[in-house]
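Colleague: After the sequence you'll find the predicted model.
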Amino acid sequence: MLNLVGHVFGRWTARERDTSSKRPRWICECTCGTVASVRQSGLRDGTSQSCGCKHREELTERMTAVGPTFKHGQARAGKHTKEYWIWMQMRKRCSDPKQEHFHLYGGRGITVCDRWLSSFENFIADLGPRPTPKHSIERVDSNGTYEPGNCRWATPKEQANNTSRNKFIEWNGQRKTAAQWAEELGVNSELILYRLENGWTVEEAFFTKKFGLRKKTHG
């Protein structure tokens, strides 16, 4: 059990353990005065170094340097393409505390790489246009930065299969999420997870015909 009290991580200073969380988290104070619960892993690997104020300051400096006349061919006459709108929203949720979901992005240290931050041209050159209107931007590592190599265009179904709520299960030489196995086998994904958590083997969880939730006993 690590004791990080008093340790400094970027602009964060760990004050006390967050006992309300099942996973290792610490109540930290940022140099700007913001207090928040931060993942221990984010502190130790440098993923989270501030409440987001550092990134906001850097973003303001860059955008000031670019100037208020920054335009792009895809934003003529105020008519933005969907790709341009996605790029704008990506930057806002990582830098604007007034955004509804800022706490899930900039608030926990998620940033946009320098290459994309002030250049829509670079963003679209790296990702290309959306394959279909249903595609939106997704980070492969949901705790990682918006940057080339960690982002792609994905469908809602693909994004759902990449959330931290999904458990990967290996069976018959294949590794898929519970949601993917459930769709393939016609079984409820929550049922699969419930069975595995209660000691069922993968085969039992997948193929037992009785779909009850009673705990499986062996022997």
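Modeller: Noted; the coordinates are in hand.
Colleague: what residue ranges in the chain score low on pLDDT?
Modeller: Applying pLDDT under 70 to the chain picks out residues 1, 59-80, 159-166, 190, 209-219.
Colleague: quick one, strands of it?
Modeller: 8-9, 12-17, 25-30, 35-39, 136-139, 151-154, 168-171, 174-177 (DSSP state E).
Colleague: export these to JSON lines and tack on distance to residue 194 and mean neighbour count?
Modeller: In short, each C-beta sits where N, CA and C put it, glycine included. As requested, the strands of the chain are arranged in JSON lines below (distance: least, CB to CB, whole Å; neighbours: other CB atoms under 10 Å):
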{"stretch": "strand 8-9", "distance to residue 194": "37", "mean neighbour count": "16"}
{"stretch": "strand 12-17", "distance to residue 194": "30", "mean neighbour count": "17"}
{"stretch": "strand 25-30", "distance to residue 194": "26", "mean neighbour count": "20"}
{"stretch": "strand 35-39", "distance to residue 194": "26", "mean neighbour count": "17"}
{"stretch": "strand 136-139", "distance to residue 194": "28", "mean neighbour count": "17"}
{"stretch": "strand 151-154", "distance to residue 194": "27", "mean neighbour count": "19"}
{"stretch": "strand 168-171", "distance to residue 194": "13", "mean neighbour count": "13"}
{"stretch": "strand 174-177", "distance to residue 194": "15", "mean neighbour count": "13"}
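Colleague: Can you say which of these is nearest to residue 109?
Modeller: strand 35-39 (8.1 Å; CB to CB).
Colleague: what sits up against the closest one?
Modeller: Here strand 35-39 makes contact (CB atoms under 8 Å, 6 or more residues apart in numbering) with 12, 14-15, 18, 20-21, 23-30, 47-48, 51, 107-108.
Colleague: I'd like the distance from that strand to the chain centre, please.
Modeller: 16 Å (CA atoms, centre = their mean, to the nearest Å).
Colleague: how big is the angle separating it from strand 12-17?
Modeller: Strand 35-39 runs at 80 degrees relative to strand 12-17, counting by axes from the mean of the first three to the mean of the last three CA atoms, to 10 degrees.
Colleague: Strand 25-30 and strand 35-39, what's the angle between them?
Modeller: Using the same axes, to 10 degrees: strand 35-39 against strand 25-30 is 140 degrees.
Colleague: and strand 35-39, which strands flank it?
Modeller: strand 25-30 (antiparallel) (DSSP bridges).
Colleague: Just the C-alphas of the partner strand, formatted as CSV.
Modeller: Extracted C-alpha coordinates of strand 25-30, given in CSV (Å, rounded to 0.1, in the frame of the first residue of the first chain):
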residue,chain,number,x,y,z
ARG,A,25,-7.0,7.3,-5.8
TRP,A,26,-5.7,10.3,-3.9
ILE,A,27,-7.3,13.6,-2.9
CYS,A,28,-4.9,16.1,-4.5
GLU,A,29,-4.5,19.9,-4.6
CYS,A,30,-3.4,21.7,-7.7
